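>>> 3D, please:
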Amino acid sequence: MNKDIMICGVGGQGTVLASKIIAAAATQEGQTVHSAETIGMAQRGGSVTSHVRIGDKAHSPLIPPGSADIILAFEPSEAVRNLRYLKAGGLAVVNTAPVKPVTESLKETGYDGKEMTAYLRRKCRCIFIDSDEVCAPFGSAKFFNIIILGVACATGETGIGKDVILNQIDLRVPEKFRETNRLAFLAGYEIGEKEKKQYED
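Numbering: from 1, shown residues only. Below is the predicted model of the structure:
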């Protein structure tokens with residue numbers, strides 16, 4: 001199996017944990033894995049991008065432009081920023097809820113993410129998820145990173161099995177949050193199954 005998976009968002013959204021779970025799960029399945037993160041001023045809402053390359057064909061941890069099988073975007077403008085990495089026919093799983101940049105708090109720019117999602121809809125195959133909506137049953141947007149993993153896993157585009165991801169969640173999430181994270185992953189998985197059926201039909 002050879003898969004290139006890009007995860008992008010802003011600091012504080014849990015993108016790095018998501019990439020580490022994917023990489024560890026693929027390793028558990030016996031795959032060769034290369035990964036790397038590029039982290040801009042994360043604590044100030046800077047861009048965070050993780051590259052996860054699975055399989056023997058990857059000789060570098062960085063995904064070449066036009067090669068990613070799937071992009072998991074935690075923020076719509078970050079999806080647009082990294083769209084050049086997606087291969088033709090690849091899938092983008094995108095959070096529609098924007099994280100407003102620092103400039104928005106200094107001067108009202110009107111950024112709401114809608115222009116970005118409209119652009120993405122025209123340019124690639126997408127699954128859109130509203131993090132505010134899907135995270136509401138769990139009481140915090142901090143569970144979105146696990147939910148989006150569930151969505152991606154269910155599409156089959158990551159090539160990684162559900163049980164292996166759940167095992168890595170058990171290993172990497174503190175015990176008091178473990179059960180909620182498992183439920184969040186399964187909720188995302190259910191969404192992914194429904195979305196996959198729709199775009200396959």
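>>> after the helix or strand of the chain with the lowest mean pLDDT comes which helix or strand?
Least confident element among the helices and strands of the chain, by mean pLDDT, DSSP states H and E: helix 102-106 (a mean of 58). The helix or strand immediately downstream of helix 102-106 is helix 114-123, counting by DSSP states H and E.
>>> Rounded mean pLDDT for that next one, please.
When pLDDT is averaged along helix 114-123, the result is 95.
>>> Can you list the buried residues in it?
Burial within helix 114-123, assessed by neighbour count using 16 or more other CB atoms under 10 Å, is assigned to 116-117, 120. The way it works is simple: take the backbone N, C-alpha and C, and place the C-beta from them, glycine included.
>>> for stretch 60-78, same thing?
Of the residues in stretch 60-78, those buried by neighbour count under the rule 16+ other CB under 10 Å are 62-63, 67-78.
>>> Could you export those residues as TSV, including pLDDT, secondary structure and distance to Pro137?
Compiled in TSV, the buried residues of stretch 60-78 are given as follows (pLDDT from 0 to 100; DSSP: H, G, I helix; E, B strand; the rest coil; distance: CB to CB, whole Å):
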residue	pLDDT	secondary structure	distance to Pro137
Leu62	94	coil	36
Ile63	96	coil	33
Ser67	96	coil	36
Ala68	97	strand	30
Asp69	97	strand	29
Ile70	98	strand	25
Ile71	98	strand	25
Leu72	98	strand	21
Ala73	97	strand	22
Phe74	96	coil	19
Glu75	94	coil	21
Pro76	95	helix	22
Ser77	93	helix	26
Glu78	93	helix	25
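>>> Take the residues you listed and lay them out in CSV including distance to Ile21.
Formatted as CSV, the buried residues of stretch 60-78 follow (distance: CB to CB, whole Å):
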residue, distance to Ile21
Leu62, 20
Ile63, 18
Ser67, 22
Ala68, 18
Asp69, 17
Ile70, 15
Ile71, 16
Leu72, 11
Ala73, 17
Phe74, 14
Glu75, 19
Pro76, 23
Ser77, 24
Glu78, 19
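>>> tell me the contacts of the residue nearest to Val151 when sequence neighbours are not counted?
Leaving aside its chain neighbours, Val151 sits nearest to Gly192 (3.9 Å; criterion: CB to CB, 6 or more residues apart in numbering). Counting by CB atoms under 8 Å, 6 or more residues apart in numbering, Gly192 makes contact with 127, 150-155.
>>> before we move on, what about Lys100?
With contacts defined as CB under 8 Å, 6+ apart, Lys100 is in contact with Tyr111.
>>> Show only the entries of the contacts of Gly192 found in strands.
Ile127 (DSSP state E).
>>> what angle sits between the top strand by length along the chain and helix 114-123?
In the chain, with assignment by DSSP E, the single longest strand is strand 86-95. Angle, strand 86-95 to helix 114-123, by axes from the mean of the first three to the mean of the last three CA atoms, to 10 degrees: 140 degrees.
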